[in-house]
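Engineer: sequence? don't have it. structure:
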Ligand SMILES: Nc1ncnc2c1ncn2[C@@H]1O[C@H](COP(=O)(O)OP(=O)(O)O[C@H]2O[C@H](CO)[C@@H](O)[C@H](O)[C@H]2O)[C@@H](O)[C@H]1O
């Protein structure tokens, strides 16, 4: 029914605005009730006017004539803008109308429409009954005003994840009966069209701008833009080229994760959930300029009408009060272990992304203990309870949570789930919905950030998942060390339409018995849907030029141009802050990470006697296994003039160490991707790493003959190999300054942004989207 509700754009006053592409875009955007479209007529007017003015400048008319025509042109342009504004208002009105319609029923969307409201509602009821959930439109006003501390500057904020990893230190330890659940996450996001209320424009200082155009803009007394026709002219506000648009690949994407920086973070997953969706959304932005020599950029999307903007959604638990997130007045109940649990939804729209936070007493106050809880009782382990609730609620976010006024809907939709914590999401999508003729075109991608955590438990805990009995086969796994057990990650990997892991190296490793931690068989069977995509980094947060943690206490921001002086200053500030002798000549080595077996912290400990004979300084930041924390404290007290450690979780210290250190040590035993080495290289800090997983992918070894490579690598996790690599690194630092600076520069000039990865994720999402078609025509991608 919604297809008939097209905007009335055929009004003569909008001229070509009523063109078919506009209507098509409206239809596409209907699922979220926002309009995707570039209205081109107004822009053409401006371009044409500009051309006319230029022509006049060259013509033979008198200056009075020229003035008159110029004024007329400006007036005409103003009228065009007024029309455009009116159009925007009309679209906004329509958005409200759609919202009011959809507050009674969930909208249908392209590709997966449920054309009858009644049938939709009856289907919805079926699902809700299955879930034991009820719909409530009660609005609950939040009184919570506390501002969360997201920087975790305190000491001793433990990584539960690390503790759980410690439970699985070795294959031998894996032999213990599977009674524990480990951390996990889920997510989803989507595209939509945005009609901006304002028409923002940002013209970076120093940009050359056509004086005539400036005159026009000033004459209009407001910000306005003209579409740039040449892609090569597009630049964003930081001088970088924006990524290409998703174009016809535009989808609704919902990323679900149990960590999401900056609100909640226990490790790399939080960083990814906070930044990948923004990069996906960026692929929907248009960057505009005018004429050949004019370049400027737009912070918010605007063109003379509405612009197609791909918007992502992130769903994460609300562990505490986040000032940016507003309650949206929707409550839902889901059954977990026979009990009704209520979820309320909070929403924030930031950098083109809809962040949706699920609030429940089960999640509250766990920001420093995301993976914690009682895992050993006869009752449902707390963490599994949270993950069941989170996945059930997240699956229905596209139906119940209006973002920008309208729910995403389940058409043209893909979820991105992350690790075992959200591996139930792909299973629920099948069991609750697809098996019942719902969400039949909704797709799921499961991302493996760390396969060592799997959500293992005894088989009888299957009942807590609240799934039909025959689904137990998805969860059953036998391995020689764990015996027959319930494995949530295994079920998710089988149920997901696509699997991604965070580097090519790791994609290979998890197919081996050493790297697959018992899941290699399933990974191999599902190899056809697996892809490795190396993580990017948030180039705003982790950029020495803009880093907010380098603006005080003697630190300084720097760029590649000011690298030597900037790093020198940051190094001195770090030495001072931590109480080390302030010496420029001494190599300062850093380590940041969870203190556990994965990160090879014990290798560093074994190498310390050798290191202490080398005239180096060592700074370590980490938290995790109590015995390793204790070891770190002991080392610090033994070599207090050379080693400083920070046992705890501090984002600020992580940034400062990354900037102040000369060398970053990452001797991880396995590393699916690793972010710290990427951050380090972006700050001109040279990595020394064990060549494994993502570390091998991202740190090509230094070749002194060709002056190539980005750091030092060693090929097995052994102390003597670490020492050997570090020795070569120190030699180069001390004796080959030019080579050292070359390493720093090469590291800093890489494109480490998420843009590349976002494009690859998009390919995976599109492949998942058209999977149904492949099945329909009988093509099995395995063939
Ligand atoms: N004590 C502390 N204080 C402050 N910040 C700290 C900290 N300890 C760690 N961090 C921060 O946490 C993040 C750790 O990210 P990593 O990717 O290195 O490891 P992690 O093993 O958590 O992630 C898993 O998921 C990511 C994302 O896919 C993969 O890159 C990785 O290989 C995989 O193991 C970094 O931002 C780091 O600065």
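Structural biologist: Good, I have the coordinates. None of the values given here were measured: they were computed from a predicted structure.

Engineer: Quick check, residue 332 in contact with residue 397.
Structural biologist: No. The pair residue 332 / residue 397 is not scored as a contact, 9.5 Å apart, by C-beta atoms under 8 Å. All C-beta spots, glycine's among them, are computed from the backbone N, C-alpha and C.

Engineer: residues contacting residue 610?
Structural biologist: The contact partners of residue 610, by C-beta atoms under 8 Å, 6 or more residues apart in numbering, come to residue 723.

Engineer: Distance-wise, check it relative to the ligand.
Structural biologist: Computed as C-beta to the nearest ligand atom, to the nearest Å, the residue 610 to the ligand distance reads 25 Å.

Engineer: which element is that residue on?
Structural biologist: Assessed by DSSP states H and E, residue 610 sits inside helix 601-612.

Engineer: Starting from the helix or strand following that helix, tell me which strands it pairs with and how they run.
Structural biologist: The helix or strand immediately downstream of helix 601-612 is strand 617-624, counting by DSSP H and E. Here strand 617-624 has these sheet partners by DSSP bridges: strand 588-595 (parallel), strand 643-647 (parallel).

Engineer: angle of the last one against helix 601-612?
Structural biologist: Right, the one you point to is strand 643-647. Computed by axes from the mean of the first three to the mean of the last three C-alpha atoms, to 10 degrees, the angle separating strand 643-647 from helix 601-612 equals 160 degrees.

Engineer: go on, the longest one?
Structural biologist: For strand 588-595 against helix 601-612, the angle between stretch directions is 160 degrees (the same axes, to 10 degrees).

Engineer: In strand 588-595, which residues are buried?
Structural biologist: 588-595 (16 or more other C-beta atoms under 10 Å).

Engineer: re earlier: may I see the strands paired with strand 617-624 organised as TSV, with distance to the ligand added?
Structural biologist: Below are these laid out as TSV (distance: least, C-beta to the nearest ligand atom, whole Å):
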stretch	distance to the ligand
strand 588-595	5
strand 643-647	7
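
Engineer: mean pLDDT lowest for which of those strands?
Structural biologist: When the strands paired with strand 617-624 are ranked by mean pLDDT, strand 643-647 comes last with a mean of 93.

Engineer: Residues contacting that strand, please?
Structural biologist: Taking C-beta under 8 Å, 6+ apart as the rule, strand 643-647 contacts 155-156, 578-580, 595, 608, 612, 617-623, 629, 632-633, 635-636, 653.

Engineer: Please apply the same query to stretch 598-606.
Structural biologist: 165, 450, 452, 591, 593, 595, 620, 622, 628, 631-632, 635, 665-671, 690, 717-719, 722.

Engineer: Three-state assignment for the closest residue to residue 360 other than its chain neighbours, please.
Structural biologist: In space, and not counting its chain neighbours, residue 360 is closest to residue 343: 5.1 Å by C-beta to C-beta, 6 or more residues apart in numbering. The three-state assignment at residue 343 reads strand, by DSSP: H, G, I helix; E, B strand; the rest coil.

Engineer: give me the number of residues near residue 343?
Structural biologist: Counted with other C-beta atoms under 10 Å, residues neighbouring residue 343 total 25.

Engineer: quick one: which of residue 332 and residue 397 has more around it?
Structural biologist: Set residue 332 next to residue 397 and count neighbours by other C-beta under 10 Å: residue 397 wins out with 26 against 23.

Engineer: Residue 505 versus the nearest residue to residue 760 once chain neighbours are set aside, what's the distance?
Structural biologist: Nearest residue to residue 760 in three dimensions, chain neighbours excluded: residue 533, at 4.6 Å (C-beta to C-beta, 6+ apart). Residue 533 sits at a distance of 12 Å from residue 505 (criterion: C-beta to C-beta, to the nearest Å).

Engineer: Then residue 468?
Structural biologist: If you go by C-beta to C-beta, the gap between residue 468 and residue 505 works out to 38 Å.

Engineer: Around the ligand, which positions in this protein sit nearby?
Structural biologist: Listed as neighbours of the ligand in the chain under the rule C-beta under 6 Å from any ligand atom: 267-269, 271-272, 449-450, 502, 535, 592-594, 621-623, 649-651, 654, 671-676, 694.

Engineer: okay, now residue 616: neighbour count?
Structural biologist: Counted by other C-beta under 10 Å, the residues lying close to residue 616 total 18.

Engineer: how about the strands in the stretch 451-600 of the chain?
Structural biologist: 456-457, 476-479, 483-487, 498-501, 530-532, 588-595 (DSSP state E, counting those that start in this stretch).

Engineer: okay, those strands in a markdown table with distance to residue 347 next?
Structural biologist: Formatted as a markdown table, the strands of the stretch 451-600 of the chain follow (distance: least, C-beta to C-beta, whole Å):
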| stretch | distance to residue 347 |
| --- | --- |
| strand 456-457 | 33 |
| strand 476-479 | 37 |
| strand 483-487 | 34 |
| strand 498-501 | 26 |
| strand 530-532 | 31 |
| strand 588-595 | 31 |
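
Engineer: so what does the helix or strand where residue 766 lies touch, helix or strand wise?
Structural biologist: Using DSSP H and E, residue 766 falls within helix 755-769. Helices and strands touching helix 755-769, by 3 or more C-beta pairs under 8 Å, 6 or more residues apart in numbering; DSSP states H and E, are helix 268-282, strand 413-418, strand 443-448, strand 498-501.

Engineer: switch the cut-off to 10 Å
Structural biologist: When contacts are defined as 3 or more C-beta pairs under 10 Å, 6 or more residues apart in numbering; DSSP states H and E, helix 755-769 sits against strand 252-256, helix 268-282, strand 413-418, strand 443-448, strand 498-501, strand 530-532.

Engineer: May I see those organised as a markdown table, with mean neighbour count and mean pLDDT added?
Structural biologist: Formatted as a markdown table, the helices and strands packed on helix 755-769 follow (neighbours: other C-beta atoms under 10 Å; pLDDT from 0 to 100):
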| stretch | mean neighbour count | mean pLDDT |
| --- | --- | --- |
| strand 252-256 | 32 | 91 |
| helix 268-282 | 26 | 91 |
| strand 413-418 | 32 | 94 |
| strand 443-448 | 28 | 97 |
| strand 498-501 | 26 | 98 |
| strand 530-532 | 20 | 98 |
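
Engineer: For residue 392, which of those is the nearest?
Structural biologist: Closest approach to residue 392 among the helices and strands packed on helix 755-769 (C-beta to C-beta): strand 252-256, 11.2 Å.

Engineer: Measure how the closest one sits relative to helix 268-282, angle-wise.
Structural biologist: 170 degrees.

Engineer: angle of strand 252-256 against strand 413-418?
Structural biologist: 20 degrees.

Engineer: Residue 559 and residue 539, how far apart?
Structural biologist: When distance is defined by C-beta to C-beta, residue 559 is 13 Å away from residue 539.

Engineer: and the two? which has more neighbours close in?
Structural biologist: For residue 559 versus residue 539, neighbours defined as other C-beta under 10 Å are more numerous around residue 539 (19 against 13).
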